[in-house]
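J.: A predicted structure for the sequence below; I have some questions about it.
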Amino acid sequence: MSRPPKCRRVEFMPELTFFKPAGVPLAELEEVQLTVEELEAIRLKDLLGLEQEGCAEKMGVSRPTYHRILSSARSKVAEALVNGKAIRVEGGNFEVVVRNFKCFKCNKQFQMPCGTGVRGAEMTCPDCQSDEVFRVNSDGEPFGCRWQKRQNKKVNE
């Protein structure tokens, strides 16, 4: 008996989850189901242009596992395009990766899924509207270039 698949990390949740050929009534269409992690594999490799090693790391799987996910996804998309089938994106075995933030004015901590909302540099606190919002790790400690620049500026003042 095989072990259950490892949960894949996904940074992007699609808003549109159904695609169909124009001019063909839905009742006459067959569907191909693409899982959320298969869509993520295509997004990382074909849209963002990352190397497979980097894609595998982002998804939290081995490179051979990533390759199998990507091959399956591409095969399904090709089948839908060549044979005029609809594509439905749903299901899978995944967790959405979130970004952790902290407002250093009011100390509010909050999360946002990757790929949603404004960039971290443009983030304001949802409570006090301060721009003293920085990305933090799971322990609540700030990190990243913006935080380093802020610390350097304080030292030089």
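T.: That came in fine, so what should we check first?

J.: buried residues in the longest helix that the chain contains?
T.: Counting residues, the longest helix in the chain under DSSP state H turns out to be helix 63-83. By neighbour count on 16 or more other CB atoms under 10 Å, the buried set for helix 63-83 is 65-67, 69-70, 73, 76-77, 80. No exception for glycine: its C-beta is placed from N, CA and C like everyone else's.

J.: TSV for these, including distance to Asp46 and pLDDT?
T.: Below are the buried residues of helix 63-83 laid out as TSV (distance: CB to CB, whole Å; pLDDT from 0 to 100):
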residue	distance to Asp46	pLDDT
Thr65	18	94
Tyr66	13	96
His67	14	97
Ile69	13	96
Leu70	9	97
Ala73	9	98
Lys76	14	98
Val77	10	97
Ala80	15	97
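
J.: pull the most distant pair out of these.
T.: Spatially, the most separated pair among the buried residues of helix 63-83 is Thr65 and Ala80, at 23.2 Å (CB to CB).

J.: name the helix or strand for the nearest residue to Ser72 once chain neighbours are set aside, please.
T.: The shortest distance from Ser72 to any non-neighbouring residue, by CB to CB, 6 or more residues apart in numbering, is to Glu38 (6.0 Å). Element membership for Glu38 (DSSP states H and E) is helix 36-42.

J.: which residues sit against the helix or strand following that helix?
T.: Next in sequence after helix 36-42, counting helices and strands by DSSP H and E, comes helix 52-59. Around helix 52-59, the neighbours that count as contacts under CB atoms under 8 Å, 6 or more residues apart in numbering are 8-11, 37, 40-41, 44-45, 50, 62-63, 65-67, 69-70.

J.: can we see that at 6 Å?
T.: With contacts defined as CB atoms under 6 Å, 6 or more residues apart in numbering, helix 52-59 is touched by 8-9, 44-45, 63, 66.

J.: for that helix, which positions count as buried?
T.: 55-59.

J.: off-centre distance for stretch 89-103?
T.: 7 Å (CA atoms, centre = their mean, to the nearest Å).

J.: first-to-last residue distance for it?
T.: Length of stretch 89-103, first residue to last, CA to CA, to the nearest Å: 35 Å.

J.: same question, stretch 4-13
T.: 23 Å.
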